[in-house]
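Trainee: could you look at this predicted model? Sequence included:
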Amino acid sequence: MVSAWEQRQLLTDVRMKTARPMLLDAKLSAERVFIQNCHRCCAVEAVIRCLDCVPLDMEFLCATCDMEAHKRNVFHDREAVFHGFLEPIPPTTAVVVNENGQPQFCEQICQLPVPAPRSICECTHDLTITPGKHISVVTINGEMGWQKPGWSRKHSGRGSGAGRVNMLTRQAMGWNRRKRDNLHQVLAHRYVKITERAKVEAASLSNIKKEHNLDQETIQQWVCDVRQWAVTERVYTPGCTEELRADIENIIVTLLRKKQDLYRQHDSNQARQRKRKKMTELKKKLHEKVLQYNTVVEGDPIDEELACSLTEGYILPWERHEDGMG
């Protein structure tokens with residue numbers, strides 16, 4: 001047998017199911033916004049409701065008045081009036097009226113409300129606001145994409161070109177003045193650096209002369225030979241033995257020079273790292289050339305390990321034949 005309490009519960013559920021549609025209609029009807037004209041121009045139907053505009057009698061605005069009122073007040077809390085109901089919209093969304101007279105959403109550029117500079121340069125001009133760099137602004141309503149305003153000069157008539165030329169001339173004059181004021185320091189620094197490098201090279205040459213028992217006349221002859229070799233144009237058939245020999249010699253000389261310059265006194269760790277990377281690439285290229293040479297030439301191949309490791313005292317096969325060595 002059903003108790004009185006259970007019977008009341010069943011009746012309450014039945015009555016609630018019957019009354020739910022009516023309650024929902026009443027709730028929606030209470031929130032419905034009646035169509036009214038813009039509180040600012042009083043001529044066009046309002047499509048925006050702003051909860052922050054003061055006084056409160058400027059609460060409902062048309063599309064044009066909304067853009068004018070919130071061009072600077074971009075952080076106001078706005079709602080769009082669509083089909084008699086309110087829909088919250090972000091500052092980057094605007095409401096426009098299409099050709100059929102119906103409101104629709106569209107994206108608009110929002111610029112941060114920052115004060116404009118009084119002037120950019122000394123010439124006469126008017127400042128104009130242009131869209132600048134894109135930034136992200138996080139507010140209590142979430143993250144939104146904004147633009148930082150940019151300022152440009154608006155010249156009239158012939159003054160526009162003259163103002164720009166004047167600005168560029170001033171910048172160039174300032175750069176030339178700074179260059180002239182610091183020129184003596186730059187030249188003195190270069191002189192000291194070159195002098196120290198010349199001392200290091202002179203000491204290195206003296207050690208080589210003592211080690212190999214060379215006189216000044218032999219050194220001068222070597223210099224003349226190198227100069228003559230540098231200006232002599234060599235024409236090789238692509239892939240021939242002479243071209244491979246020349247490539248191998250050039251790579252070895254370059255590697256030896258870079259190895260000698262690797263630990264210069266004024267070089268930073270970053271500069272040494274770049275040199276090591278370049279030397280690794282050259283060694284890889286040298287290895288490829290040596291393999292190619294040994295494949296093409298029959299007999300008396302190049303020792304890959306000694307040549308690629310730049311072993312001191314190793315002589316290339318064709319250099320031994322030129323010197324009359326077996």
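Mentor: Arrived safely. Numbers count the residues shown, from 1 in each chain.
Trainee: how close does the closest residue to Cys308 other than its chain neighbours get to Arg49?
Mentor: Among residues not flanking Cys308 along the chain, His287 sits closest, at 5.2 Å (C-beta to C-beta, 6 or more residues apart in numbering). Glycine gets a C-beta too; all of them are placed from N, C-alpha and C. Noted for His287: a distance of 77 Å to Arg49, by C-beta to C-beta, to the nearest Å.
Trainee: and the two? which has more neighbours close in?
Mentor: Neighbours per residue (other C-beta atoms under 10 Å) separate His287 from Arg49, with Arg49 holding more: 20 against 14.
Trainee: under a three-state scheme, what state does that one occupy?
Mentor: strand (DSSP: H, G, I helix; E, B strand; the rest coil).
Trainee: how near is it to Arg32?
Mentor: In terms of C-beta to C-beta, Arg49 sits 13 Å off from Arg32.
Trainee: got it, and Lys277?
Mentor: Lys277 is 73 Å from Arg32, by C-beta to C-beta.
Trainee: same thing with Val81?
Mentor: 10 Å.
Trainee: ok, now Ser206?
Mentor: 101 Å.
Trainee: okay, now Cys224: neighbour count?
Mentor: For Cys224, using other C-beta under 10 Å, the count is 10.
Trainee: neighbours of Lys27, just the number please.
Mentor: 9.
Trainee: what of Pro21?
Mentor: Pro21: 9 neighbours (other C-beta under 10 Å).
Trainee: check Glu107 too.
Mentor: Quick note: Glu107 (other C-beta under 10 Å) scores 10 neighbours.
Trainee: surely it meets Thr93?
Mentor: Yes. Using C-beta atoms under 8 Å, Glu107 is in contact with Thr93, at 6.5 Å.
Trainee: look up phi and psi at Gly299.
Mentor: phi 80, psi 150 (degrees, to the nearest 10).
Trainee: show me which of Val81 and Arg32 is the more surrounded one.
Mentor: More crowded of Val81 and Arg32, by other C-beta under 10 Å: Val81, with 21 against 10.
Trainee: in terms of pLDDT, where does Pro301 sit?
Mentor: pLDDT for Pro301: 86.
Trainee: how far away is the closest residue to Phe105 other than its chain neighbours from Gln104?
Mentor: Nearest non-adjacent residue to Phe105, counting by C-beta to C-beta, 6+ apart: Thr93, 5.6 Å away. Using C-beta to C-beta, Thr93 is found at 11 Å from Gln104.
Trainee: would you map the strands across the stretch 1-150 of the chain?
Mentor: 48-50, 60-61, 78-82, 85-89, 93-97, 103-107, 126-139, 142-154 (DSSP state E, counting those that start in this stretch).
Trainee: lowest average pLDDT across these?
Mentor: Mean pLDDT, when computed for each of those, is lowest for strand 142-154, at a mean of 61.
Trainee: tell me the helix or strand right after that strand.
Mentor: helix 159-212 (DSSP states H and E).
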